[in-house]
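Asks: below are the sequence and a predicted model; questions follow.
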Amino acid sequence: AADKINLIPQDFFAELCEQIIQHLNHKIPGVNTAELCQRIQTSGIEINVGDLAKIANIVSFLFSTAARNNLPTEELVTTLGNAVSTLPKHAVQVIRHVWNEQGKSISAEDARNMATVGQFVDIKWKLGVAMSSDTCRSLKYPYVTVTLKVADPSGQITDKSFEMTIPQFKNFFRQFKEMAAVLETV
């Protein structure tokens, strides 16, 4: 991962680190690595979203572990220097700066209690009609496409899309109504 971190310009790496801190502080639901990766690629740097997500996971683990152990900035930097000799100097400087400025805002208890399941971010849906296919001239088959935006426990935001027939959608909707009714009793 250190060779991939070396590719990322300091300003983008700082933005990634700050987003991770904000996620760990529950200020944002997750880190949008796809959007950040696109901006890095637009600046002329060759990196893929999978590599950027791995880097985000490593930095998230680093910050949450440091918070759990109440590490002061210099101890974190020393530990990094001893453990990861290949980490680029600019990355260590960014980690030092971000941890020094914002690390204390992550409580050790929050770091210990980080969610182990994903977090809902957004939902989008659309109604469509399949008009025909190569095997059937006249389908006129309605369907609903749902896209869920979810942040996994490490903060990576991903889209999950699926299609439902109208009967499946009616069942889906009925279950949501049941959940809403139960929530009203709480």
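Replies: On my side now, so go ahead. Numbers count the residues shown, from 1 in each chain.
Asks: where does this protein dip in pLDDT?
Replies: Applying pLDDT under 70 to the chain picks out residues 1, 82-86, 107-118, 153-155.
Asks: residue ranges for the strands of it, please.
Replies: For the chain, the strands defined by DSSP state E occupy 119-130, 141-151, 157-165.
Asks: so what are the sheet partners of the last one and their directions?
Replies: Spelled out, it's strand 157-165. strand 141-151 (antiparallel) (DSSP bridges).
Asks: buried residues, the partner strand. List them.
Replies: 144, 148-151 (16 or more other CB atoms under 10 Å). Every C-beta, even on glycine, is put in place using the N, C-alpha and C of the backbone.
Asks: mind putting these into CSV with distance to V186?
Replies: Putting these into CSV (distance: CB to CB, whole Å) gives the following:
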residue, distance to V186
V144, 28
L148, 23
K149, 25
V150, 23
A151, 24
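Asks: so what are the structural domains in the protein, by residue number?
Replies: As assigned by the TED database, the chain contains the domains 1-115, 119-184.
Asks: most tightly surrounded among those domains?
Replies: Most buried of the domains of the chain by mean neighbour count (mean count of other CB atoms under 10 Å) is domain 1-115; its value is a mean of 17.
Asks: farthest residue from the center of this structure?
Replies: For the chain, the C-alpha farthest from the mean C-alpha position belongs to R137; by CA atoms, centre = their mean, that distance is 42.4 Å.
Asks: ok, that residue to A130 distance?
Replies: According to CB to CB, to the nearest Å, R137 stands 12 Å off from A130.
Asks: any idea how far L16 is from the closest residue to Q19 other than its chain neighbours?
Replies: Using CB to CB, 6 or more residues apart in numbering and skipping residues adjacent in sequence, the residue nearest Q19 is V31, 4.6 Å away. Applying CB to CB, the value for V31 to L16 is 7 Å.
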